[in-house]
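J.: Pasting a predicted model and its sequence here:
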Amino acid sequence: MTETPILDNHLHLDPVNGRGVEAALDFAEAGGTHLLVLNKPSWNLVDSVDNPSAFREAFELTIDVTADASAELPGRAWPVLGVHPGLISRLVDDGYTPAEAAAFMQEGLDIAADFVADGPALAIKSGRPHYEVDDAVWDASNDVMRHAFELGAETGCAVQLHTEGGEDFTEVAEWASDRGLPPEQVVKHYAGGRVDGPVASVLANKDELEVAAEGDAPFLMETDYIDDPDRPGAVLGPKTVPRRVRWLREQGYEEAIRRAHVDTPARVYGIDTEATLS
(Lines give C-alpha, C1' and ligand atoms only; values in the text may rest on other atoms or scores of the structure.)
Protein backbone atom coordinates (compact mmCIF):
# COMPACT_ATOMS: atom_id res chain seq x y z
CA MET A 1 0.00 0.00 0.00
CA THR A 2 2.99 2.34 -0.18
CA GLU A 3 3.27 2.39 -3.99
CA THR A 4 1.50 5.74 -3.94
CA PRO A 5 0.57 8.37 -1.37
CA ILE A 6 -2.92 7.93 0.07
CA LEU A 7 -4.70 11.13 1.05
CA ASP A 8 -7.97 11.51 2.92
CA ASN A 9 -9.09 14.96 1.78
CA HIS A 10 -11.67 15.61 4.52
CA LEU A 11 -11.46 14.09 7.98
CA HIS A 12 -12.11 15.49 11.44
CA LEU A 13 -10.01 14.91 14.54
CA ASP A 14 -11.59 16.02 17.80
CA PRO A 15 -9.00 16.59 20.54
CA VAL A 16 -11.69 17.58 23.04
CA ASN A 17 -14.37 14.91 22.80
CA GLY A 18 -13.09 12.31 20.33
CA ARG A 19 -10.20 9.96 19.63
CA GLY A 20 -7.95 12.61 18.10
CA VAL A 21 -4.57 11.26 17.06
CA GLU A 22 -5.68 7.65 17.66
CA ALA A 23 -7.94 7.94 14.61
CA ALA A 24 -4.99 9.15 12.54
CA LEU A 25 -3.03 6.11 13.71
CA ASP A 26 -5.84 3.87 12.44
CA PHE A 27 -5.58 5.62 9.08
CA ALA A 28 -1.82 5.10 8.94
CA GLU A 29 -2.01 1.46 10.02
CA ALA A 30 -4.43 0.81 7.16
CA GLY A 31 -1.94 2.28 4.68
CA GLY A 32 -2.87 5.95 4.68
CA THR A 33 -0.14 8.55 4.35
CA HIS A 34 -1.61 12.07 4.19
CA LEU A 35 -4.55 13.85 5.81
CA LEU A 36 -6.44 17.09 5.45
CA VAL A 37 -7.92 17.69 8.88
CA LEU A 38 -10.97 19.93 9.06
CA ASN A 39 -11.93 21.70 12.25
CA LYS A 40 -15.18 20.40 13.65
CA PRO A 41 -18.02 22.91 13.97
CA SER A 42 -16.99 25.46 16.57
CA TRP A 43 -19.90 24.55 18.84
CA ASN A 44 -18.42 21.04 19.17
CA LEU A 45 -15.06 22.33 20.40
CA VAL A 46 -15.67 25.43 22.51
CA ASP A 47 -18.23 26.35 25.15
CA SER A 48 -19.92 29.16 23.26
CA VAL A 49 -19.65 30.86 19.88
CA ASP A 50 -20.55 34.43 20.70
CA ASN A 51 -17.41 36.30 19.66
CA PRO A 52 -14.66 35.81 17.07
CA SER A 53 -12.21 34.49 19.66
CA ALA A 54 -14.25 31.27 19.72
CA PHE A 55 -13.23 30.62 16.12
CA ARG A 56 -9.59 31.22 16.93
CA GLU A 57 -9.77 28.78 19.84
CA ALA A 58 -11.36 26.08 17.66
CA PHE A 59 -8.80 26.64 14.92
CA GLU A 60 -5.85 26.45 17.31
CA LEU A 61 -7.14 23.17 18.75
CA THR A 62 -7.34 21.77 15.22
CA ILE A 63 -3.89 23.03 14.27
CA ASP A 64 -2.39 21.38 17.35
CA VAL A 65 -4.07 17.98 16.86
CA THR A 66 -3.15 18.06 13.17
CA ALA A 67 0.52 18.62 14.04
CA ASP A 68 0.38 15.69 16.47
CA ALA A 69 -1.25 13.50 13.80
CA SER A 70 1.29 14.57 11.20
CA ALA A 71 4.10 13.26 13.39
CA GLU A 72 2.51 9.79 13.27
CA LEU A 73 2.07 9.57 9.49
CA PRO A 74 4.49 8.36 6.83
CA GLY A 75 3.49 11.50 4.93
CA ARG A 76 2.00 14.50 6.69
CA ALA A 77 -1.23 16.22 7.68
CA TRP A 78 -2.46 19.75 7.01
CA PRO A 79 -5.25 21.71 8.75
CA VAL A 80 -8.14 23.14 6.74
CA LEU A 81 -10.00 25.78 8.73
CA GLY A 82 -13.35 27.45 8.36
CA VAL A 83 -16.85 28.14 9.58
CA HIS A 84 -19.50 25.46 9.28
CA PRO A 85 -22.41 26.83 7.24
CA GLY A 86 -24.90 25.37 9.71
CA LEU A 87 -23.79 28.00 12.21
CA ILE A 88 -26.02 30.56 10.51
CA SER A 89 -29.14 28.72 11.66
CA ARG A 90 -27.90 28.58 15.23
CA LEU A 91 -27.15 32.29 15.19
CA VAL A 92 -30.52 33.20 13.70
CA ASP A 93 -32.23 31.05 16.32
CA ASP A 94 -30.30 33.03 18.94
CA GLY A 95 -31.65 36.34 17.63
CA TYR A 96 -29.20 37.43 14.95
CA THR A 97 -30.58 38.67 11.67
CA PRO A 98 -29.29 36.69 8.69
CA ALA A 99 -27.12 39.64 7.69
CA GLU A 100 -25.66 39.92 11.20
CA ALA A 101 -25.01 36.19 11.29
CA ALA A 102 -23.28 36.34 7.92
CA ALA A 103 -21.05 39.20 9.05
CA PHE A 104 -20.06 37.26 12.18
CA MET A 105 -19.26 34.13 10.14
CA GLN A 106 -17.19 36.19 7.73
CA GLU A 107 -15.11 37.36 10.70
CA GLY A 108 -14.43 33.71 11.45
CA LEU A 109 -13.34 33.13 7.86
CA ASP A 110 -11.03 36.15 8.10
CA ILE A 111 -9.31 34.47 11.05
CA ALA A 112 -9.05 31.20 9.13
CA ALA A 113 -7.45 33.06 6.22
CA ASP A 114 -4.92 34.60 8.61
CA PHE A 115 -3.86 31.11 9.66
CA VAL A 116 -3.43 30.20 5.98
CA ALA A 117 -1.43 33.35 5.25
CA ASP A 118 0.78 32.79 8.31
CA GLY A 119 1.50 29.19 7.38
CA PRO A 120 -0.10 26.64 9.74
CA ALA A 121 -3.21 26.02 7.60
CA LEU A 122 -3.49 24.89 4.00
CA ALA A 123 -6.98 25.95 2.93
CA ILE A 124 -10.35 27.39 3.98
CA LYS A 125 -13.72 25.74 4.45
CA SER A 126 -17.07 27.45 3.84
CA GLY A 127 -20.33 26.70 2.07
CA ARG A 128 -24.06 26.98 2.61
CA PRO A 129 -26.69 24.89 4.42
CA HIS A 130 -27.39 21.43 3.04
CA TYR A 131 -30.94 21.64 4.42
CA GLU A 132 -33.90 23.85 3.60
CA VAL A 133 -33.74 27.45 4.83
CA ASP A 134 -35.66 30.60 4.02
CA ASP A 135 -34.53 32.97 1.27
CA ALA A 136 -32.90 35.47 3.62
CA VAL A 137 -30.72 32.80 5.24
CA TRP A 138 -29.89 31.29 1.85
CA ASP A 139 -28.84 34.66 0.42
CA ALA A 140 -26.78 35.47 3.51
CA SER A 141 -25.10 32.06 3.32
CA ASN A 142 -24.16 32.67 -0.29
CA ASP A 143 -22.64 35.99 0.79
CA VAL A 144 -20.51 34.11 3.34
CA MET A 145 -19.38 31.62 0.70
CA ARG A 146 -18.50 34.37 -1.77
CA HIS A 147 -16.46 36.04 0.97
CA ALA A 148 -14.53 32.78 1.36
CA PHE A 149 -13.76 32.85 -2.35
CA GLU A 150 -12.41 36.39 -2.01
CA LEU A 151 -10.19 35.26 0.86
CA GLY A 152 -9.01 32.25 -1.11
CA ALA A 153 -8.05 34.49 -4.00
CA GLU A 154 -6.24 36.92 -1.68
CA THR A 155 -4.26 34.21 0.13
CA GLY A 156 -3.80 31.92 -2.87
CA CYS A 157 -5.50 28.95 -1.24
CA ALA A 158 -8.25 26.50 -2.07
CA VAL A 159 -11.73 26.59 -0.55
CA GLN A 160 -13.54 23.42 0.48
CA LEU A 161 -17.33 23.65 0.33
CA HIS A 162 -19.97 22.07 2.54
CA THR A 163 -23.21 22.43 0.58
CA GLU A 164 -26.36 20.68 -0.49
CA GLY A 165 -26.01 17.59 -2.65
CA GLY A 166 -26.13 17.51 -6.42
CA GLU A 167 -23.88 17.63 -9.47
CA ASP A 168 -24.33 21.09 -10.99
CA PHE A 169 -22.33 23.74 -9.14
CA THR A 170 -21.27 25.71 -12.19
CA GLU A 171 -22.79 28.91 -10.79
CA VAL A 172 -20.77 28.53 -7.60
CA ALA A 173 -17.59 27.99 -9.62
CA GLU A 174 -18.41 31.14 -11.60
CA TRP A 175 -18.77 33.10 -8.35
CA ALA A 176 -15.31 31.93 -7.36
CA SER A 177 -13.85 32.78 -10.75
CA ASP A 178 -15.42 36.25 -10.66
CA ARG A 179 -13.58 36.86 -7.39
CA GLY A 180 -10.23 35.67 -8.70
CA LEU A 181 -10.27 32.11 -7.39
CA PRO A 182 -9.84 29.47 -10.13
CA PRO A 183 -12.62 26.85 -10.07
CA GLU A 184 -9.96 24.14 -9.80
CA GLN A 185 -9.25 25.52 -6.33
CA VAL A 186 -12.88 25.07 -5.27
CA VAL A 187 -13.60 21.63 -3.81
CA LYS A 188 -17.06 20.13 -3.35
CA HIS A 189 -16.79 18.14 -0.12
CA TYR A 190 -19.04 15.08 0.32
CA ALA A 191 -19.44 14.76 -3.44
CA GLY A 192 -20.58 12.02 -5.71
CA GLY A 193 -18.42 10.77 -8.53
CA ARG A 194 -19.43 13.53 -10.95
CA VAL A 195 -19.54 17.27 -10.22
CA ASP A 196 -19.76 20.17 -12.67
CA GLY A 197 -17.84 23.28 -11.67
CA PRO A 198 -15.71 22.54 -8.59
CA VAL A 199 -13.39 19.59 -8.04
CA ALA A 200 -15.19 16.61 -6.50
CA SER A 201 -14.04 15.29 -3.14
CA VAL A 202 -15.73 11.93 -3.46
CA LEU A 203 -17.12 10.22 -0.40
CA ALA A 204 -15.32 6.88 -0.44
CA ASN A 205 -18.05 4.46 -1.40
CA LYS A 206 -17.40 2.08 -4.25
CA ASP A 207 -20.19 3.13 -6.62
CA GLU A 208 -19.26 6.81 -6.65
CA LEU A 209 -15.53 6.11 -6.77
CA GLU A 210 -16.06 3.96 -9.83
CA VAL A 211 -17.89 6.84 -11.54
CA ALA A 212 -14.98 9.17 -10.75
CA ALA A 213 -12.35 6.63 -11.77
CA GLU A 214 -14.05 5.95 -15.10
CA GLY A 215 -14.03 9.66 -15.96
CA ASP A 216 -11.06 11.89 -16.60
CA ALA A 217 -11.84 14.83 -14.28
CA PRO A 218 -9.64 15.61 -11.27
CA PHE A 219 -11.04 14.23 -8.03
CA LEU A 220 -10.12 13.58 -4.41
CA MET A 221 -11.23 10.97 -1.87
CA GLU A 222 -12.58 11.49 1.63
CA THR A 223 -14.31 9.84 4.57
CA ASP A 224 -15.76 12.88 6.39
CA TYR A 225 -14.91 10.93 9.54
CA ILE A 226 -16.40 13.02 12.35
CA ASP A 227 -14.56 11.59 15.39
CA ASP A 228 -17.64 11.47 17.58
CA PRO A 229 -17.63 8.83 20.36
CA ASP A 230 -21.43 8.64 20.14
CA ARG A 231 -21.20 7.81 16.41
CA PRO A 232 -18.08 5.68 15.93
CA GLY A 233 -17.24 5.19 12.29
CA ALA A 234 -19.45 8.04 11.08
CA VAL A 235 -19.55 9.20 8.35
CA LEU A 236 -16.96 6.64 7.23
CA GLY A 237 -14.20 5.28 9.44
CA PRO A 238 -10.58 6.49 9.14
CA LYS A 239 -9.42 3.23 7.54
CA THR A 240 -11.84 3.56 4.63
CA VAL A 241 -9.81 5.56 2.10
CA PRO A 242 -6.79 3.22 2.25
CA ARG A 243 -9.12 0.26 1.87
CA ARG A 244 -10.85 1.86 -1.10
CA VAL A 245 -7.49 2.57 -2.72
CA ARG A 246 -6.71 -1.11 -2.35
CA TRP A 247 -10.03 -1.93 -3.99
CA LEU A 248 -9.42 0.54 -6.83
CA ARG A 249 -6.05 -1.10 -7.44
CA GLU A 250 -7.70 -4.52 -7.60
CA GLN A 251 -10.10 -3.12 -10.21
CA GLY A 252 -7.21 -1.86 -12.32
CA TYR A 253 -7.70 1.87 -11.69
CA GLU A 254 -4.04 2.75 -11.20
CA GLU A 255 -4.31 5.98 -13.20
CA ALA A 256 -7.30 7.13 -11.14
CA ILE A 257 -5.42 6.41 -7.90
CA ARG A 258 -2.58 8.64 -8.99
CA ARG A 259 -5.03 11.28 -10.18
CA ALA A 260 -6.78 11.39 -6.78
CA HIS A 261 -3.74 11.19 -4.51
CA VAL A 262 -0.91 12.88 -6.40
CA ASP A 263 -2.07 14.95 -9.36
CA THR A 264 -5.24 16.53 -7.96
CA PRO A 265 -3.74 17.48 -4.56
CA ALA A 266 -0.92 19.22 -6.42
CA ARG A 267 -3.36 20.95 -8.75
CA VAL A 268 -5.80 22.08 -6.04
CA TYR A 269 -3.62 22.74 -3.00
CA GLY A 270 -0.10 22.98 -4.40
CA ILE A 271 1.09 20.09 -2.21
CA ASP A 272 3.49 17.34 -3.25
CA THR A 273 2.29 14.11 -1.68
CA GLU A 274 5.22 12.16 -3.12
CA ALA A 275 7.97 14.46 -1.88
CA THR A 276 6.40 14.52 1.59
CA LEU A 277 6.23 10.70 1.78
CA SER A 278 9.12 9.23 3.77
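T.: That came in fine, so what should we check first? Numbers count the residues shown, from 1 in each chain.

J.: just the strands in the stretch 51-200 of the chain please.
T.: 77-82, 123-127, 159-162, 186-191, 199-203 (DSSP state E, counting those that start in this stretch).

J.: Go through those and name the closest to residue 113.
T.: For residue 113, the closest of these is strand 123-127, at 6.1 Å, according to Cβ to Cβ. Placement of C-beta: from N, CA and C, glycine included.

J.: Do you know the pLDDT at the residue nearest to residue 139 when sequence neighbours are not counted?
T.: Closest residue to residue 139 apart from its sequence neighbours, by Cβ to Cβ, 6 or more residues apart in numbering: residue 98 at 7.3 Å. Predicted confidence (pLDDT) for residue 98: 98.

J.: so who does residue 98 touch?
T.: Each residue near residue 98 by Cβ atoms under 8 Å, 6 or more residues apart in numbering is listed here: 88, 92, 136-137, 139-140.

J.: Quick check: it vs residue 140, distance?
T.: Applying Cβ to Cβ, to the nearest Å, the value for residue 98 to residue 140 is 4 Å.

J.: Now do the shared contacts for those two.
T.: residue 88.

J.: If you count contacts, what does the helix or strand where residue 213 lies end up packed against?
T.: Per DSSP states H and E, residue 213 falls inside helix 206-214. If you count contacts as 3 or more Cβ pairs under 8 Å, 6 or more residues apart in numbering; DSSP states H and E, helix 206-214 packs onto strand 199-203, helix 240-250.

J.: Residue 237 - nearest residue in space that isn't next to it in sequence?
T.: residue 225 (6.3 Å).

J.: Is that neighbour in a helix, a strand, or coil?
T.: Assigned by DSSP: H, G, I helix; E, B strand; the rest coil, the conformation of residue 225 is coil.

J.: for it, what are its contacts?
T.: Contacts of residue 225 (Cβ under 8 Å, 6+ apart): 8, 11-12, 23, 233-238, 240.

J.: Turn those residues into CSV, columns for distance to residue 150 and pLDDT.
T.: Converted to CSV, the contacts of residue 225 look like this (distance: Cβ to Cβ, whole Å; pLDDT from 0 to 100):
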residue, distance to residue 150, pLDDT
8, 28, 99
11, 27, 98
12, 26, 98
23, 33, 98
233, 37, 87
234, 33, 93
235, 29, 96
236, 32, 98
237, 36, 98
238, 33, 98
240, 34, 98
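
J.: Show me just the buried residues among the residues you listed.
T.: 8, 11-12, 23, 235-238, 240 (16 or more other Cβ atoms under 10 Å).

J.: those helices in this structure, which residues are they?
T.: Ranges of helices in the chain, per DSSP state H, are 21-29, 42-45, 53-70, 87-93, 98-118, 135-155, 170-178, 206-214, 240-250, 254-258, 264-269.

J.: For residue 36, find the nearest of those.
T.: When the helices of the chain are compared (using Cβ to Cβ), the closest one is helix 264-269, at 8.0 Å.

J.: From the contact counts, what lies against the closest one?
T.: Counting by 3+ Cβ pairs under 8 Å, 6+ apart, helix 264-269 packs on strand 199-203, strand 219-222.

J.: what's the nearest residue to residue 41 if we skip its chain neighbours?
T.: residue 84 (4.0 Å).

J.: Contacts for the helix holding residue 213, please.
T.: With Cβ under 8 Å, 6+ apart, helix 206-214 has contacts from 191-194, 200, 202, 219, 221, 244, 247-248, 251, 253, 256, 260.

J.: ok so, going back, and the residue nearest to residue 139, how far from residue 143?
T.: 9 Å.

J.: do residue 264 as well
T.: 29 Å.

J.: Who has more neighbours out of those two?
T.: Each of residue 264 and residue 143 has its neighbours counted (other Cβ atoms under 10 Å); residue 264 has more, 24 against 16.

J.: So that one sits against residue 199, correct?
T.: Yes. Between residue 264 and residue 199 there is a contact under Cβ atoms under 8 Å: 6.6 Å.

J.: Quickly list what's touching both of those two.
T.: 218-220.

J.: ok, now how distant is residue 56 from residue 12?
T.: 18 Å.

J.: for residue 203, same thing?
T.: 14 Å.

J.: hey, what's in contact with both of those two?
T.: residue 224.

J.: Counting neighbours, show which residues of the helix or strand of the chain with the lowest mean pLDDT come out buried.
T.: The least trusted helix or strand in the chain, going by mean pLDDT, DSSP states H and E, turns out to be helix 42-45, with a mean of 88. Across helix 42-45, burial judged by 16+ other Cβ under 10 Å covers 42, 44-45.
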